[in-house]
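Q: Would you be able to build a 3D model of this:
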Amino acid sequence: MRKAGFVGTRWLGVGLAALLAVFTIGLALTGRLALYINPDSAWFAVGMAVLVLVGAALSFALPLGAEADHGHDHGDHPESDTHTHEHAHPAHPVAFAATVAGGVAASGVVVLTLLLPPASLSAELAMSRDVGAPPLFAGADAVTLASTGDTASFGVGEWATVFATATNPDAFDGDTVTLTGFVTPAEGGSGFDLTRLVITHCVIDAQPASVPVTASTADFDTGQWVTITGTIRSTTAGGLEVDATAVDPIDEPSDPYEY
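A: Numbering: from 1, shown residues only. The predicted structure is shown next:
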């Protein structure tokens with residue numbers, strides 16, 4: 001029984017960590033790690049994964065049960081002290097059941113992570129997180145850059161910031177843009193919103209960014225990826241929108257996020 005407990009302890013510690021490390025390295029080698037974290041952080045994630053695998057390999061040098069050795073000096077009475085440790089503090093049935101349930105749940109999550117194919121976050125999730133504000137950490141200098149015309153690298157996230165915070169919308173009237181994102185319903189029911197998820201560190205902090213688009217043909221399903229070419233126009237309500245001259249459906253790009 002004690003041996004089974006030691007095996008379980010090692011599995012929940014070293015075993016699960018090693019599996020996640022292998023998964024991380026595998027994603028990096030196949031170019032899919034960006035589905036989970038910002039590419040700028042990939043080197044750190046891979047480095048930590050390698051260290052975990054090294055630690056897992058070294059753990060095989062430890063005998064089973066070494067995790068339970070608290071480093072106490074047992075003095076001159078090893079037999080009586082061992083007997084005391086074996087029978088002291090028996091596990092409460094509820095605590096034992098909770099530990100087993102937690103271990104099974106953690107193992108299930110890790111195994112499913114390995115078995116299920118990596119996938120990007122859905123359009124439905126982006127819509128559920130949409131609070132009508134531009135991404136919190138994206139495009140801090142977007143309005144300043146846009147006013148100078150330096151918008152060649154702008155994506156949906158930067159333009160969403162410009163649309164939401166520009167104090168002089170007419171200054172951007174006539175700027176041409178080419179943007180890629182997925183279709184979400186427009187708030188007013190006219191045209192559609194072009195949306196992209198913006199992540200700072202990983203998909204946990206993903207924030208949706210959207211710009212309104214008007215187009216003569218806008219009959220696309222929610223979640224359809226498109227590339228639009230058009231012109232920024234100021235609206236009668238004092239806002240901005242993209243007047244699209246071309247809307248081309250595309251497959252989801254290999255890197256679906258902006259950073």
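
Q: How about the contacts made by Ser254?
A: Applying C-beta atoms under 8 Å, 6 or more residues apart in numbering to Ser254 gives the contacts Gly31. The C-beta positions use only the backbone N, C-alpha and C, and glycine is treated the same way.

Q: Looking at it now. What's its pLDDT?
A: Note on Ser254: pLDDT of 86.

Q: Quick check: which ranges of the stretch 1-150 of the chain have low pLDDT?
A: 1-12, 63-100, 102-103, 106, 109-117, 131-140 (pLDDT under 70).

Q: all helices for it, in order.
A: 2-10, 16-29, 42-59, 78-87, 93-115, 123-129, 142-148 (DSSP state H, counting those that start in this stretch).

Q: And the last one, what's buried?
A: Taking 16 or more other C-beta atoms under 10 Å as the neighbour-count basis, helix 142-148 is seen to contain the buried residues 142-143, 145-146.

Q: in this protein, which residue is closest to the centre?
A: Centroid-nearest residue in the chain: Val203, 1.3 Å away (criterion: C-alpha atoms, centre = their mean).

Q: Can you pull the phi/psi pair for that one?
A: Main-chain torsions, Val203, degrees, to the nearest 10: phi -70, psi -20.

Q: Let me see the domain layout of the protein.
A: Per automatic domain parsing, the domain ranges recorded for the chain read 2-115, 123-258.

Q: Single out the most deeply packed of those.
A: With neighbours taken as mean count of other C-beta atoms under 10 Å, the domains of the chain reach their highest mean count in domain 123-258, at a mean of 17.

Q: what's the straight distance from one end of that domain to the other?
A: 14 Å (C-alpha to C-alpha, to the nearest Å).

Q: what residues does stretch 178-191 touch?
A: 123, 126-127, 130, 132, 155-156, 159, 192-196, 210-215, 218, 220-229, 241-242, 250, 252-253.
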